[in-house]
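Novice: from the sequence below, what's the structure:
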Amino acid sequence: MSRRDIYYWKCDRPAAFHGTQSRGEVDANLASQLETELQRHFDTQNVILSPGAGQGNHLTWNADVDGKPLFIRVENGPEKDAHLAVESALLDRVRVAGVVTPRVFGCDASRSRVSFAWQALERIEAPDLNQWFKQGTLEVPKIAFEIGVAVAKWQAITLEGFGVLEWSGQSSVRNEGQATLEPHRGLCGPHWAYADYFHLRLEEHLSFLVSRDFLTSAEEIMTEIENHRALLDLPQGCLVHKDLALWNILGTRDQIAAFIDFDDAISGDPMDDLSLLACFHDAAFLQRAFEGYQSIHVLPEHHMRRFWLHLLRNMIVKAVIRVGAGYFDRDDGFFLISSGSSGSSLREMTQSRLALALRGLREGSGLDILSP
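Specialist: Residues are numbered from 1 along each chain as shown. Modelled structure (predicted):
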């Protein structure tokens with residue numbers, strides 16, 4: 001299916017919030033089919049599967065294939081989405097841009113032999129950085145700087161169109177309103193104007209939050225976004241990870257081993273990924289990330305207001321996911337909740353960060369308002 005009407009897959013997919021609940025028992029039938037598929041693809045009977053540790057919306061396994069350690073991701077949602085093929089191509093492009101990502105050893109999103117899509121990645125023997133962060137042992141200044149460097153490097157990848165990436169062959173309708181009828185080639189976004197992507201489902205997201213008593217009103221937010229609409233007039237899109245967070249980075253306490261999970265990547269604004277870091281971290285973290293970014297690229301014009309504008313949009317989406325998937329009812333065993341905290345703390349933090357984004361956009365604030 002095309003994702004041209006999707007702002008963010010997890011909450012906007014037809015089966016909204018699919019895969020956000022506890023996994024329970026492994027599906028033995030699916031595991032058996034996966035094993036057979038891997039045997040066929042790698043032309044060997046020597047395949048050993050064991051449950052993986054992924055916490056995202058994919059099913060995961062560790063696999064040993066002829067002694068090669070692999071990490072397997074499976075998408076089995078009812079939409080029969082083929083986005084694992086897009087992500088596989090992206091991982092290669094990001095690595096060429098100078099950012100370490102897992103190598104892709106196989107991917108089949110066609111569902112021609114089995115009812116699910118699968119992807120076989122290099123298995124990197126390192127935990128996600130959120131583990132170190134929750135333990136209080138992550139070397140934050142060094143890691144935050146390196147994240148900023150990586151963001152600047154993958155933004156060297158520029159893309160035609162805006163929005164969630166897809167193959168040009170799927171986007172024949174994307175030329176609506178354009179002067180040319182020439183199809184775009186390769187990976188591209190389906191929207192001609194960035195504002196069209198930014199506003200996708202915005203009113204729907206806000207209405208959901210009001211209906212669930214997370215927000216009392218959406219009027220102030222809509223007004224402030226409209227006041228800054230000119231900031232969305234982008235001439236060119238760059239690669240945006242769109243789910244940049246410590247649990248999507250593998251490594252040790254002081255060194256990054258790989259960036260993962262580019263499933264939600266878009267063609268968009270260079271300040272978007274930096275704003276995503278502000279969904280979780282304070283001014284000191286962001287300052288180091290900005291410094292890392294600036295060691296590679298100059299920050300764009302109006303960068304702070306663009307930062308707050310995108311933080312506001314990202315916090316709206318994260319609030320929708322957290323309310324819809326019941327994250328505020330979880331305990332500190334959940335990856336989003338700090339050690340010793342609770343779901344109610346996550347709710348308070350979400351509302352506070354959304355309010356800060358709105359204030360920052362209105363006042364043109366610096367990073368200092370993110371200080372504890």
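
Novice: please, where are all the strands along the stretch 151-300 of the chain?
Specialist: Ranges of strands in the stretch 151-300 of the chain, per DSSP state E, counting those that start in this stretch, are 158-159, 163-164, 166-167, 187-188, 237-240, 249-251, 256-259, 266-268.

Novice: show me the contact partners of the last one.
Specialist: For strand 266-268, the external contacting residues (Cβ atoms under 8 Å, 6 or more residues apart in numbering) are 159-165, 188-189, 194, 197, 234, 237-240, 242, 272. Just so you know, the C-beta spots here come from the backbone N, C-alpha and C atoms, and that holds for glycine as well.

Novice: how about it: buried residues?
Specialist: Using 16 or more other Cβ atoms under 10 Å as the test for burial, strand 266-268 gives 266, 267, 268.

Novice: residue 60 - how many residues pack around it?
Specialist: 17 (other Cβ atoms under 10 Å).

Novice: and what of residue 63?
Specialist: Residue 63 has 22 neighbours, counted by other Cβ under 10 Å.

Novice: please tell me how far it sits from residue 91.
Specialist: Separation of residue 63 from residue 91 (Cβ to Cβ, to the nearest Å) stands at 17 Å.

Novice: just residue 261 next, same as before
Specialist: Using Cβ to Cβ, we find residue 261 at a distance of 10 Å from residue 91.

Novice: again, but for residue 127
Specialist: From residue 127 across to residue 91, the span is 19 Å (Cβ to Cβ).

Novice: the more surrounded of these two?
Specialist: Per other Cβ under 10 Å, whichever of residue 127 and residue 91 has more neighbours is residue 91, with 25 against 14.

Novice: quick check, pLDDT for the more buried one.
Specialist: Reported pLDDT at residue 91 in the predicted model: 96.

Novice: that one: what secondary structure?
Specialist: Assigned by DSSP: H, G, I helix; E, B strand; the rest coil, the conformation of residue 91 is helix.

Novice: pLDDT-wise, which helix or strand of this protein ranks last?
Specialist: Here the helix or strand of the chain ranked lowest by mean pLDDT, DSSP states H and E is strand 166-167, holding a mean of 85.

Novice: okay, now the unreliable bits of this protein?
Specialist: Low-confidence segments of the chain (pLDDT under 70): 19-25, 54-56, 169-185.

Novice: hmm, 80 instead?
Specialist: Within the chain, the segments meeting pLDDT under 80 span 1, 16-26, 53-57, 168-185, 331-342.

Novice: so which residue is smack in the middle of it?
Specialist: residue 243 (2.0 Å; Cα atoms, centre = their mean).

Novice: my read: that residue touches residue 273, true?
Specialist: No - in this structure, residue 243 is not within contact of residue 273 by Cβ atoms under 8 Å, at 9.4 Å.

Novice: and residue 119, helix, strand or coil?
Specialist: strand.
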